[in-house]
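Novice: Show me the folded form of this:
(3 chains)
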Amino acid sequence: MNYFIKRVLEIIPVLFIISFIVFVLVFVAGDPVALLLPEDAPEEAVETLRTSLGLDDPFYVQYGRYVVNMLQGDFGDSFRYGQDAMSLVLERLPATLELAIASILVAIMIAIPLGIWSSTKKNSSIDLVATGAAVLGKAMPNFWLGIMLILLFSVTLDMLPVSGRGSFSHLILPAITLGTGIAAEMTRLIRSSMLETLSQDYIRTAKSKGLRTGIVVYKHAFRNTLVPVVTIIALQTSTLIGGTLITETVFAWPGIGQLLIQAVNTRDMAIVQACVMVIAFFVIVMNLIADLLYQVLDPRIRYK
Amino acid sequence: MGKKLWLFGLLMLALLIFVACSDKDSEGDAEDTNPGKAETGDENDRTLTIAIGADMVTFDVHDHINTSTEAIHVNMFNYLVKRDNETGEIVPDLAESFENIDDYTWEFKLKEGVTFHNGDELTSADVKYSLERVAYGEELRDYTNYNQIKEVEIIDDYTFRIITHEPEPVLLNRISRIASGILPSKYIEENGFDHFLENPIGTGPFQFVEWVRDDRIVFEVYDDYFGGKNPDWDKLVFRIIPENSTRVSELLTGGVDIAVNVPPADWERVENHEGTYLAQETSNRTLMIFLRSTEGYPTSDQRVREALDLAIDNGAIVESLLGGAGVPTITRVAPGNFGFAEHLYDTYNYDPERAKELLEEAGYPDGFEMTFHSPRGRYLQDAEIAEMVAGMWAQIGVTANIEFMEWSNFVELRNAKENKDAYLLGLGNSMFDAANALDYYSATRFEGETDYRNDELEELLAAAMSNMDPKERSEQYVRAQEIIAEDVAHIVLHQESINIGVSERINYTPTMDEMIYVETITKK
Amino acid sequence: MPDSLPMQNNLVKNSKWKRWLKLLLRSKTGTVGLLIVLTIVFVAIFAPWLAPYEHSVIDPLNTHKPPFWMEGGDMANVLGTDNLGRDILSRIIYGSQVSLLVGISSVVLAGVIGVLVGLFAGYFGGFLDAFFMRLADSFLAIPNILLALVMLGVFGPGLMTLILVLGVTNWVQYARIIRGEVLSIKERDFVRAAKTIGVKNRNIIFSHLYPNVISSFIVVATLSVASTIILESSLSFLGLGIQPPQVSWGTILSDGRDYLATSWWLATFPGLAITIAVLGIIFLGDWLRDVMDPRSVK
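Specialist: This is a model prediction of the structure:
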């Protein structure tokens, strides 16, 4: 258990470093006053607003204030919406999580069969096709794939809704778009972990005893796909959340990604900061959970 | 161990369902807020869904100067008077009548029995509050278009006078555009402006329900609207769909009834598709290239500016990039605007040979290199136009390095006056008067940004500004446009078109002011 | 004796190449990957000779011309023209230059930062190690594209900024891997021996540790070029990619996306170019991983 306490404690400096990085970026970005006022606002109005926003203070004062507020979960108000930035971000979080989880499920559904299939026929043409198919999802830029899926399944075949969030059917296309991207890594890890298992003695023994290959593979080796799946989910959380930026824009999915892109475009830095912190925190937590799951799934892994 | 995989899968599924459900609770009935094509029946039938490209800015009518935000606002707020899009005349809206008392004073009478969405009756106090807020509020973005107003004087509950600092020939145009919406003064005083921003009310045909940022803005019909309850629509939804192809796809599959800003590539598709049609109208927005006349820039030489203008084949741009929609022009003042100069409209100067000669005369026989800033995704085909213009300039030996800028960076660049040789800008004119359009050529306003100055023009503009004789004022503006065209102060490219995809189940004709008046949208 | 040395070297080299070739041919994916990568590099280097036209020349009278096999197309523009009348084949050929340039230089930059951090943090340990690893954790917790989006939003788009930003956002994976390798190697006998006889730290790092970790680096770097190409196209989609007149696959694809339903060739060919390139690089990288990583299963 000590290991986990240590891991949890490590989160604190990490979050501080992230807050610093983001703050520096926002500081460098310059002040948003120009965008808040009319084009030909008088100089005094600009100064008054600057002072009232505390933008005249030196760097360390601004950073100090920022950290103190951040610890209370307060990232200030969005310039664009005049609302508390954090609550705007949290409002959008469920939509993004829904999409992310659905994408992971899609990835699992693609990766497990492909991974196992390719490992049983190592270096054959089947392997090439299976690995190729898995990698294809990663090799296609998300927005391109998304638009093509819309054209095919919504416009031409009229099977699924185009965009927005609501029913289950709204979820399918964006989840496929995003899920195929992570399926590649997952397939690769499953394949190599399968190969490792298949070459191990007890499998050979099982085979030599005359058990049919199919049974050997599915009964003994299958469970070993769990560890890579968990690993990938943890490692790819960050990629996954990153991918939602693009996917949400294509599918007009009302999640964090769209909010963030608009915020960057309009220099709404309170939202940018809140978004980055929330996403980073989420990624860190996912990694912690993965660590926990390892222990449950694979008794061979023991932490000091 | 195999069981654990299933456990794990179940866990993930449970999480998914949990997330999906927990969110539905917070949003209310999710199906209700999602007009997908799966839904049919009466409710959907009486819901109008409009897909727009970018979210609105705010409900603070005085602080956005954003046409597409106003296009939404016009459905929940009213102006005192409005411009009739067919005749171009200013007609009463909230006001019942208006009268010019003297050069400085207009008297208005309000319609009686107009109510805000909370039931409060509209009175002169609301008008005073609304107009004076923007006339005195230096920090508000539309301040400069209203600070000509000195005071709103209340005579009685339904009668008031607007008094201006100087004689104001365009007062009626001024108060029939962005930021002219009348706000509920009592409601705001009681609850505070922040409360108003979250729960806005107006006098319009539709009342606010919810605004999910970057997703949708929902309105419902207002039963007691003074113009009569809207017969066709119970519910009005603006969906924000930033990606062009997604917006068009939604229209084609029936997910939305109207899709704005359909790119030229999809016009044929929308027109030919069964169930949709393309509605087009010429906009009051003109695309221009602002040039630096500042000492030290090649473009400070009139001959260079003229050469750059002559090098551009405006007709080719309109034909190949804009699908033939859009009108090449030499002036920014379009038909329908006061002060329109017909001989400068629907024409353009193109003569690359002469352009080369002019460059040589100006001392640039081998051309020169310049920086060309352009926004991207802001105007119809803006990036493509910038690239094509640069390509045309290359033909006369001028190398234009394009820098595409994201909109807020572009605004900052202009505010800081860090713009280089040229930039692309599209300007609308919600006042429909040359006064607004030609102010862009006054020397003081663009000092340090374009530094264009022509003393004769300055005098003309100043004289026209407070000239109460319409005929003379019009002549002054026509002459002003001739001077500007001779000087090639800016390169004027073309008047934009409005291109909207519409479902066959409704009638919709876009208007030149780029507003979306739901009242004019009817079921077939 | 001195005469025979180069000979021997040649022999060693020869047999080394043969060994690699044999290893390569054993893997179908590896062979395909290498062929694809070599082709792209060749195209990028000889782009000015291979491309039929200059990539940025517009032709208002010749827009949306379909590929040669379709009605209205001809051999003058083999893959058709785009919305400004530019030859798509030429743009894709020239685009390979920038795409590869961005991919490779940002990976090199990230690699230099990451390898240095990894070597020093792993070798010296202690506070230095703890600090850099927390820094690494921080960068890992922020999705690459998000950091790139914010940074490009702040500094403005452009080729150099893009390379810098992608370099700075990607160093972490190298640092972590190299550090891990260093941690395991530094306990081995030859490093210990070097320490005991008083070899300087710097020399140990660069002459003993570095050669031993470089193979891990190459594998990760190869795969990273692939993800950078994808990332570049995503940033183009968000309007923060390469600026014209420069052209990359990402910008062609992103510019063409509005025409997927009408003039499909605008976005399909650059999309295919990206997909094939990334596929090839990943195949090659996976194969390198299999051969270079002694722990991987043969």
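Novice: just the residues of the stretch 1-150 of chain C that are near chain B, which are they?
Specialist: Residues of the stretch 1-150 of chain C found near chain B (Cβ under 8 Å from any Cβ of the partner chain) are C:S56, C:V57, C:I58, C:P60, C:L61, C:T63, C:N83, C:L84, C:G85. (Each C-beta comes from the backbone N, C-alpha and C, glycine too.)
Novice: Check the secondary structure at the third one for me.
Specialist: Spelled out, that is C:I58. Classification of C:I58 by DSSP: H, G, I helix; E, B strand; the rest coil places it in coil.
Novice: tell me the contacts of it?
Specialist: B:E387, B:M388, B:G391, B:M392, C:L84, C:G85, C:R86 (Cβ atoms under 8 Å, 6 or more residues apart in numbering or on different chains).
Novice: hmm, 7 Å instead?
Specialist: Taking Cβ atoms under 7 Å, 6 or more residues apart in numbering or on different chains, we find C:I58 in contact with B:E387, B:M388, B:G391, C:L84, C:G85, C:R86.
Novice: ditto for C:L231
Specialist: Residues in contact with C:L231 (Cβ under 7 Å, 6+ apart) are C:N144, C:I145, C:A148, C:L166.
Novice: so where's chain B uncertain?
Specialist: Residues of chain B meeting the criterion pLDDT under 70: B:1-43.
Novice: quick one, domains of it?
Specialist: B:67-191, B:195-281+B:499-523, B:284-496 (automatic domain parsing).
Novice: Please name whichever of those is nearest to A:I11.
Specialist: domain B:195-281+B:499-523 (29.2 Å; Cβ to Cβ).
Novice: Would you check how far apart B:T522 and B:E486 are?
Specialist: Here the criterion is Cβ to Cβ, to the nearest Å. By it, B:T522 lies 47 Å from B:E486.
Novice: returning to that earlier point: from the contacts of C:I58, which land in strands?
Specialist: Within the contacts of C:I58, no residue falls in strands by DSSP state E.
Novice: how about the residues of chain B near chain C?
Specialist: Counting by Cβ under 7 Å from any Cβ of the partner chain, the residues of chain B lying close to chain C are B:244-245, B:263, B:265-266, B:269, B:313, B:316, B:320, B:376-377, B:384, B:387-388, B:391, B:402-404, B:406, B:409.
Novice: Can you convert the residues of the stretch 1-150 of chain C next to chain B into TSV and add a column each for pLDDT?
Specialist: Listed next are the residues of the stretch 1-150 of chain C next to chain B as TSV, based on pLDDT from 0 to 100:
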residue	pLDDT
C:S56	81
C:V57	83
C:I58	83
C:P60	81
C:L61	81
C:T63	84
C:N83	87
C:L84	88
C:G85	88
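Novice: Out of those, which end up buried?
Specialist: With burial judged by 16 or more other Cβ atoms under 10 Å in any protein chain shown, the buried subset of the residues of the stretch 1-150 of chain C next to chain B is C:S56, C:I58, C:P60, C:T63, C:N83, C:L84, C:G85.
Novice: Nearest residue to residue 138 in space, please, no chain neighbours.
Specialist: Using chain A here. A:A184 (3.7 Å; Cβ to Cβ, 6 or more residues apart in numbering or on different chains).
Novice: sorry, should have said chain B
Specialist: Per Cβ to Cβ, 6+ apart, closest to B:E138 is A:A45, 5.1 Å.
Novice: Can you pull the residues of the stretch 1-150 of chain C lying near chain A?
Specialist: Residues of the stretch 1-150 of chain C lying near chain A (Cβ under 7 Å from any Cβ): C:26-29, C:134-135, C:137-138, C:140-146, C:149-150.
Novice: Please name the residues that touch the residue nearest to the spatial centre of chain B.
Specialist: Against the mean C-alpha coordinate of chain B, by Cα atoms, centre = their mean, the closest residue is B:T67 at 2.6 Å. Residues near B:T67 by Cβ under 7 Å, 6+ apart: B:G428, B:E514.
Novice: if we can go back for a sec, in helices only, show me the residues of the stretch 1-150 of chain C next to chain A.
Specialist: C:26, C:28-29, C:134-135, C:137-138, C:140-141, C:144-146, C:149-150 (DSSP state H).
Novice: Tell me the buried residues within those residues.
Specialist: C:28-29, C:134-135, C:137-138, C:140-141, C:144-146, C:149-150.
Novice: Nearest to B:H343 among these?
Specialist: C:L149 (48.8 Å).
Novice: can I assume the closest one is in contact with A:V264?
Specialist: Yes - applying Cβ atoms under 7 Å, one finds C:L149 in contact with A:V264, separated by 5.7 Å.
Novice: Tell me how many other residues surround B:E210.
Specialist: Using other Cβ atoms under 10 Å in any protein chain shown, B:E210 is surrounded by 14 other residues.
Novice: Distance check, whatever residue of the stretch 51-200 of chain C ends up closest to chain B against B:M388.
Specialist: Nearest residue of the stretch 51-200 of chain C to chain B: C:I58, at 3.6 Å (Cβ to the nearest Cβ). The gap separating C:I58 from B:M388 is 6 Å, by Cβ to Cβ.
Novice: overlap in contacts of these two?
Specialist: By Cβ under 7 Å, 6+ apart, the residues touching both C:I58 and B:M388 are C:L84.
Novice: about what we covered before: ok, which pair from the contacts of C:L231 is furthest apart?
Specialist: Most distant of the contacts of C:L231, by Cβ to Cβ, are C:I145 and C:L166, 10.0 Å apart.
Novice: For the stretch 101-250 of chain B, which residue gets nearest to chain C?
Specialist: Counting by Cβ to the nearest Cβ, the stretch 101-250 of chain B gets nearest chain C through B:N244, at 5.1 Å.
Novice: how many neighbours does that residue have?
Specialist: By other Cβ under 10 Å, neighbour count at B:N244 equals 20.
Novice: Isn't it up against B:V260?
Specialist: No - the criterion here is Cβ under 7 Å, and B:N244 misses it with B:V260 at 10.4 Å.
Novice: ok, now how distant is the residue in the stretch 51-200 of chain B positioned nearest to chain A from B:H62?
Specialist: Of all residues in the stretch 51-200 of chain B, B:R141 sits closest to chain A, at 4.4 Å by Cβ to the nearest Cβ. In this view, B:R141 and B:H62 are 7 Å apart by Cβ to Cβ.
Novice: what does A:I190 give?
Specialist: 59 Å.
Novice: Show me how far the strand or helix carrying A:I172 is from its chain's centre.
Specialist: Assigned by DSSP states H and E, A:I172 falls within helix A:168-198. Here helix A:168-198 is found 14 Å from its chain centre; the criterion is Cα atoms, centre = their mean, to the nearest Å.
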